[in-house]
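A.B. asks: based on what follows, work out the 3D shape:
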Amino acid sequence: MIVDGLADELGKHPATIYRAISDLGEVLELDQGDVSFRARKHLFNS
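C.D. replies: Model prediction:
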């Protein structure tokens, strides 16, 4: 999922999406504008 596309789909500003990703840093990962869920092994091994 790309941040700009997600922002368009939700009708939100990209900065809002980036802020939400930052708040959900344990669950989501951002890599060059591409959003994905973190692997479970990373969640339970931290």
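A.B. asks: all helices of the chain, in order?
C.D. replies: Read by DSSP state H, the chain holds these helices, from start to end of the chain: 3-10, 14-23, 40-44.
A.B. asks: okay, the ones you listed in CSV with mean neighbour count, distance to Glu29 and mean pLDDT next?
C.D. replies: Bear in mind the C-beta positions are built from the backbone N, C-alpha and C, glycine included. Formatted as CSV, the entries for the helices of the chain read as follows, by neighbours: other CB atoms under 10 Å; distance: least, CB to CB, whole Å; pLDDT from 0 to 100:
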stretch, mean neighbour count, distance to Glu29, mean pLDDT
helix 3-10, 13, 12, 92
helix 14-23, 14, 8, 89
helix 40-44, 9, 9, 56
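A.B. asks: and of those, who's closest to Gly33?
C.D. replies: Closest to Gly33 of the helices of the chain, according to CB to CB: helix 3-10, at 5.0 Å.
A.B. asks: remind me what the closest one packs against, helices and strands.
C.D. replies: Packing partners of helix 3-10 (3 or more CB pairs under 8 Å, 6 or more residues apart in numbering; DSSP states H and E): helix 14-23, strand 34-37.
A.B. asks: swap in 6 Å and give it another go.
C.D. replies: helix 14-23 (3 or more CB pairs under 6 Å, 6 or more residues apart in numbering; DSSP states H and E).
A.B. asks: what about Val27, neighbour count?
C.D. replies: The tally of other residues near Val27 (other CB atoms under 10 Å) stands at 10.
A.B. asks: any idea how far Tyr18 is from it?
C.D. replies: Taken as CB to CB, to the nearest Å, the spacing of Val27 relative to Tyr18 amounts to 15 Å.
A.B. asks: again with Leu6
C.D. replies: Leu6 sits 10 Å away from Tyr18, taking CB to CB as the criterion.
A.B. asks: and if you look at Gly33?
C.D. replies: Applying CB to CB, one obtains 9 Å for the distance of Gly33 from Tyr18.
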